[in-house]
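J.: Sequence below, structure please.
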Amino acid sequence: MGKFLLPFIEGRISNERFSPTSIFVSAFIMAILLSIQITLLYLLGLIGLILIFGTIARTRWKVVLSLAARFEVVILFWIILLPFFYGTTILLIFPVPWGQLVAYQEGLNLGLIIGVRIFGIVTLFLAALSHISLVEFIGALKTLRIPASVLGSLLIMFRYIPLFLEERNSMQEAQQLRGFHRGTRKEQIKSLGFLVGSIIDRALDRSVIVYESMTLRGFGHGMFIVGVGPRRSDIFLFLGLFLLIIILFQQQILEVFVG
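T.: A predicted model of the protein is given here:
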C-alpha cells in the first residue's frame, strides 16, 4: 500500500486482541478525558499512562512520535503567544522599541495546558491508528455509520496525497540534478505551477485507467469495505476506561452519592 499520512500497519501483522472499532472509540473517549482536564499534573499523568500501555502493546513510538512532532509549531504557538495576551500576574517584562512586552503567569499556565492537551490527543490517535490498517480504520468508521462519501474521500486522501507529494519531490530532485536554475520569484511560482499541474494531469489519467480496470473486474457496485464488528476482548478495554473515569472523577461521584 506504500506510504500514508498516518502510521497504519500496512504490511505488518494486524491487531488480534481488540476490534478496530473499539480501538477507535476508546481513543476518542480518552481524547475527551484529555481535553477536559484543567490540571497539568493530571494531563501529564494521562499521557504517561498512554505511553506505558502503548509500550506494553508494542506501539511503534519512533514512527508515532516523529509524526506527532510535526505539530510542534501549533503547540509552541500556544505556549509562546498566550503569556503575552492573557493574565494579570506579571511574570516577565521585555523592553521593545515601542514600549514594554509583558508576559503573564496565567497565560503561560494556560498555554502549557493547551499545548500538552494537543500533544497528548495527537499522540493518542496516532498510537491507536498504528495498531490498525487503513482498511480496518475505514471499516471501523463504516461500523459507526459514517457516510460512504466521507469514507471514499478518506481513502483518496490517505492513499493518493502521499503519492502526489512523493512524485512532486522526485520531479524537483530531477530538476535540480539537471541544473535547474531557480530564477526570480515569479519564475519559481510559474515552474512550480507547471510541475504540479503536470502531476495532477497524469494522476487523473491514471485514475481513469484504474477506474476502468476495476469496473471490468466487478468493482464499483457499492462500498467494498464492510463494517468491523466487536470482539469479546473489547469488554476489557472499555472496563479499563470505565475504571479510569471513576478514578479521575471519584470526588465528583462521591459528592453526588453522599451529598
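
J.: what about Ser233, how many neighbours?
T.: Other residues lying near Ser233 total 12 when counted by other CB atoms under 10 Å. C-betas here are computed from N, CA, C, even on glycine.

J.: Dihedrals phi and psi, it?
T.: phi -70, psi -10 (degrees, to the nearest 10).

J.: which residues touch it?
T.: Ser233 makes contacts with 17-18, as judged by CB atoms under 8 Å, 6 or more residues apart in numbering.

J.: That one and Ile156, how far apart?
T.: 32 Å (CB to CB, to the nearest Å).

J.: again, but for Arg185
T.: For Arg185, the distance to Ile156 - CB to CB - is 32 Å.

J.: So for these two, which residue has more residues nearby?
T.: For Arg185 versus Ile156, neighbours defined as other CB under 10 Å are more numerous around Ile156 (11 against 8).

J.: element containing the more buried one?
T.: helix 148-177 (DSSP states H and E).

J.: Let me know the next secondary structure element after that helix.
T.: The C-terminal neighbour of helix 148-177 among helices and strands, as given by DSSP H and E, is helix 185-216.

J.: buried ones in that next one?
T.: Under the neighbour-count criterion of 16 or more other CB atoms under 10 Å, helix 185-216 has 191, 199 buried.

J.: show me where this protein has strands.
T.: With strands called from DSSP state E, the chain shows them at 90-96, 99-104.

J.: I figured Ile47 hits Phe119, correct?
T.: Yes: the pair Ile47 and Phe119 passes the contact test of CB atoms under 8 Å, sitting 7.4 Å apart.

J.: For the stretch 1-150 of the chain, give me the ranges with low pLDDT.
T.: Within the stretch 1-150 of the chain, the set of residues satisfying pLDDT under 70 comprises 1-5, 10-16.

J.: Mind doing that once more with 80?
T.: 1-6, 8-17, 70-74, 78, 96, 99, 134-135, 148-150 (pLDDT under 80).
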